[in-house]
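>>> just coords:
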DNA sequence: CAGGTAATGATATACTGTATATCATAAGTT
DNA sequence: AACTTATGATATACAGTATATCATTACCTG
């Protein structure tokens, strides 16, 4: 309901110089406007004019900050992507995969509006492509036991990331009907377990 | 390389009246042009003017056939979607899942250019959304043993379809490095098996 | 808090791409 | 061969993007 949602501060964590208050204000208003309008009518349908009108910002001012709509969305994405990578860089132990999943869905729940927008933002700005590229590389790098006798490592890594995204998409579009804890288990059973080397003991029923 | 690719005849299988030769010709030229140009520079970047110029068709003529670019792509999609559903409607037996997968990847291989375009066509025309909706429903309807103690049925059905799509995407974008037969096995191990009810004997190493 | 700096708003303008209308011509149908 | 219909060419309206300019306002620094 609330337009007052929890938009990660548009200012990326990277080493940025302190900003003029006006700049910060403008950029935040634009980001909020984009998110609100996208949730209403879809990313492609939103025009820059609408964004600036909704944000009550001069039209030309938009281009002093971003070359186009995709760049504005990209600045939001930068923040989210960084936070997600941090989320998964903490635990290197594979056995904590369930908790990894739970943490992921807790984060998604907290920022559900922004993430819904990013996942719906179509091809041009492609949040999905960027997170897949980053995530796959990261997954492949840190995980030794990936893949089994049938499934090649590269496919497994790609599979984990893309599938985590589609599972998240499903969850968001169905109103987050299960708690993050349950989703963490599902994430493990459906995604992580099948991508790891065969170990018969893993495959016994949980009860 | 060849522009002369195997574009499923734009005329959908549904009950259509016989067309004027000129109409058929125009629509085929437009479809071919869209596919070729999209493979070159991406769907969003292609303009209707480029399509008509490449097809050597009058600009205004485009709108006598389709209201916009998405509609043109949609007509191609109709054909592919029908063929895919036919592909999976033949075998109702679950144990043939490996063959199902193999058939899927054989079809994708045959029509790889068109399918690459459809999978890259962004949000607005969203091929993916349509095939997910159709595919999920179909999967859910015909498969009884879907889901297990941890994974709900609806999630499992969605998972199968979306994951088959991302696996196809990976395969196409990496130049189809494994034969359809191998992909069929991977499809089964990575996607189908984890979504079915627990059965310890299933989970013993294949060798 | 005064003075310089920088961001903003408003306006004008150029440009690209979409979409529709009209009419003469060519191609197809029967 | 006569009728019908699709097409090409052209003109036009329109929406949305993108840049330039200048007066005004908010901000930061000393």
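Noted; the coordinates are in hand. Quick caveat: nothing in here was measured; it's all calculated off a predicted structure.
>>> what about the helices in chain A?
Secondary structure of chain A (DSSP state H): helices at A:21-41, A:48-55, A:59-65, A:69-89, A:97-110, A:112-119, A:127-142, A:153-173, A:180-187.
>>> what about those helices, which gets the closest to residue B:152?
Checking the helices of chain A against residue B:152 by C-beta to C-beta gives helix A:180-187 as the closest, at 7.8 Å. For the C-beta atoms, the positions are set from N, CA and C on the backbone; glycine is no exception.
>>> in the closest one, what's buried?
Residues of helix A:180-187 classed as buried by neighbour count (16 or more other C-beta atoms under 10 Å in any protein chain shown): A:180, A:182, A:183, A:184, A:185, A:186, A:187.
>>> closest one of these to DNA strand C?
Among those, residue A:180 lies closest to DNA strand C (C-beta to the nearest atom of the strand), at 37.1 Å.
>>> which residue packs closest to the closest one, ignoring adjacent ones?
residue A:105 (3.7 Å; C-beta to C-beta, 6 or more residues apart in numbering or on different chains).
>>> ok, the one you found - contacts?
Residue A:105 makes contacts with A:168, A:171, A:180, A:183, A:184, A:187, as judged by C-beta atoms under 8 Å, 6 or more residues apart in numbering or on different chains.
>>> want to throw the helices of chain A into a markdown table with distance to DNA strand C and mean pLDDT?
As requested, the helices of chain A are exported to a markdown table (distance: least, C-beta to the nearest atom of the strand, whole Å; pLDDT from 0 to 100):
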| stretch | distance to DNA strand C | mean pLDDT |
| --- | --- | --- |
| helix A:21-41 | 3 | 97 |
| helix A:48-55 | 7 | 98 |
| helix A:59-65 | 4 | 98 |
| helix A:69-89 | 13 | 89 |
| helix A:97-110 | 28 | 94 |
| helix A:112-119 | 21 | 93 |
| helix A:127-142 | 23 | 87 |
| helix A:153-173 | 27 | 96 |
| helix A:180-187 | 37 | 96 |
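>>> in CSV, list the ones you listed along with distance to residue B:70.
Converted to CSV, the helices of chain A look like this (distance: least, C-beta to C-beta, whole Å):
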stretch, distance to residue B:70
helix A:21-41, 16
helix A:48-55, 21
helix A:59-65, 26
helix A:69-89, 19
helix A:97-110, 29
helix A:112-119, 20
helix A:127-142, 19
helix A:153-173, 21
helix A:180-187, 33
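>>> the ones you listed: which one's closest to residue B:116?
That would be helix A:127-142 among the helices of chain A, by C-beta to C-beta, at 14.4 Å.
>>> what residues does chain A put near DNA strand D?
A:20-22, A:25, A:47-49, A:59-60, A:63, A:67-69 (C-beta under 7 Å from any atom of the strand).
>>> PyMOL command to pick out the buried ones of these?
The following PyMOL line selects those of the residues of chain A next to DNA strand D that are buried, judged by 16+ other C-beta under 10 Å:
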select buried, chain A and resi 48+69
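>>> excluding its backbone neighbours, what's nearest the residue most central in space within chain A?
Centroid-nearest residue in chain A: residue A:115, 5.4 Å away (criterion: C-alpha atoms, centre = their mean). Leaving aside its sequence neighbours, residue A:115 sits nearest to residue A:108 (C-beta to C-beta, 6+ apart; 5.5 Å).
>>> which residues does the one you found contact?
A:115, A:168, A:171, A:172, A:180.
>>> count the neighbours of the nearest residue to residue A:135 once chain neighbours are set aside for me.
Once flanking residues are discounted, residue A:135 sits nearest to residue A:161: 3.9 Å by C-beta to C-beta, 6+ apart. Using other C-beta atoms under 10 Å in any protein chain shown, residue A:161 has 21 neighbouring residues.
>>> next up, the contacts around residue A:161.
A:131, A:132, A:135, A:136, A:139.
>>> nearest to DNA strand D, of these?
Using C-beta to the nearest atom of the strand, residue A:131 comes nearest to DNA strand D of those, at 24.1 Å.
>>> quick check: that closest one touching residue A:165?
Yes - applying C-beta atoms under 8 Å as the test, residue A:131 and residue A:165 come out as touching, 6.9 Å apart.
>>> nice, that's everything, thank you.
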